[in-house]
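Asker: I would like the atomic coordinates for the input below:
(chains A and B)
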Amino acid sequence: DIQMTQSPSSLSASVGDRVTITCRASQSISSYLNWYQQKPGKAPKLLIYSASTLQSGVPSRFNGSGSGTDFTLTISSLQPEDFATYYCQQRQLTFGGGTKVES
Amino acid sequence: QVQLQESGSGLVKPSQTLSLTCTVSGGSISSDNYYWSWIRQHPGEGLEWIGYIYYSGSTYYNPSLKSRITMSVDTSKNQFSLKLSSVTAADTAVYYCAKLRFLEWAFDYWGQGTLVTVSS
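Answerer: Predicted structure coming up:
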């Protein structure tokens, strides 16, 4: 089974900050890496699929990159509505442990 | 826009069977490019994929839960269902249904989730 390791597990940031979250796969997954945002009490929301393609309606401040085993989600300028937990997910449908972005 | 809504019992006794249904609206469950999935989230924890079903009835389950899972689909009602047998307190979680886009293996639409508590 492919394991997904996210880091950090939590981070503290301010509005306007550039935020970077990483996800590492235990073996190559090509570009089959998706990112989700989850707010408390809500279902996850797909942000980025295939490592770098923005889901329709997602603001352009979200950017995904990487291939193989190492992937990054970047929020270029953190907005108040971006405080949430972020998860990566790979093709075999396992998720990373999550990164909580808090103020 | 596709919408998904979970329904079912919110309280299940230990050793009994958890049963949930997901109703899909705004689109047909009989679409070629999608699987229909269940995912759960234990309180305060991460996400665990449970299984998925195609409109034809083909299924694929998480190996760690496979022995206890049965999924089914009713295309006439645009619904799919989950049964999880022999539940314990460890099965207490929020259960989500979701649409899985299998070209990218991405869950692009989710239900709001339903909390299922296993307790006597």
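Asker: which SS state does the residue nearest the centre of chain B fall under?
Answerer: Nearest residue to the geometric centre of chain B (CA atoms, centre = their mean): B:Trp38, 2.6 Å. The local conformation at B:Trp38, judged by DSSP: H, G, I helix; E, B strand; the rest coil, is strand.
Asker: quick check: phi and psi at the spatially closest residue to it that is not a sequence neighbour.
Answerer: When the adjacent residues along the chain are set aside, B:Trp38 lies closest to B:Ile50, with 4.1 Å between them (CB to CB, 6 or more residues apart in numbering or on different chains). To be clear about C-beta, it is placed using only N, CA and C from the backbone, and glycine gets the same treatment. Backbone torsions for B:Ile50, taken as degrees, to the nearest 10, come to phi -100, psi -50.
Asker: surely B:Ile50 meets B:Lys66?
Answerer: No - the pair B:Ile50 / B:Lys66 is not scored as a contact, 9.8 Å apart, by CB atoms under 8 Å.
Asker: and the two? which has more neighbours close in?
Answerer: B:Ile50 (24 against 12; other CB atoms under 10 Å in any protein chain shown).
Asker: what sits against that one?
Answerer: Residues in contact with B:Ile50 (CB atoms under 8 Å, 6 or more residues apart in numbering or on different chains) are B:37-40, B:61-62, B:65, B:69, B:82, B:84, B:95.
Asker: distance of B:Ser86 relative to chain A?
Answerer: B:Ser86 sits 23 Å away from chain A when distances are taken as CB to the nearest CB, to the nearest Å.
Asker: tell me the secondary structure for that residue?
Answerer: coil.
Asker: how many neighbours does it have?
Answerer: Taking other CB under 10 Å as the criterion, the count of residues near B:Ser86 is 12.
Asker: contacting residues around B:Ser30?
Answerer: Applying CB under 8 Å, 6+ apart, we find B:Ser30 in contact with B:55, B:75.
Asker: can you give me the distance of it to B:Leu4?
Answerer: 15 Å (CB to CB, to the nearest Å).
Asker: and what of A:Ser7?
Answerer: Applying CB to CB, the value for A:Ser7 to B:Leu4 is 31 Å.
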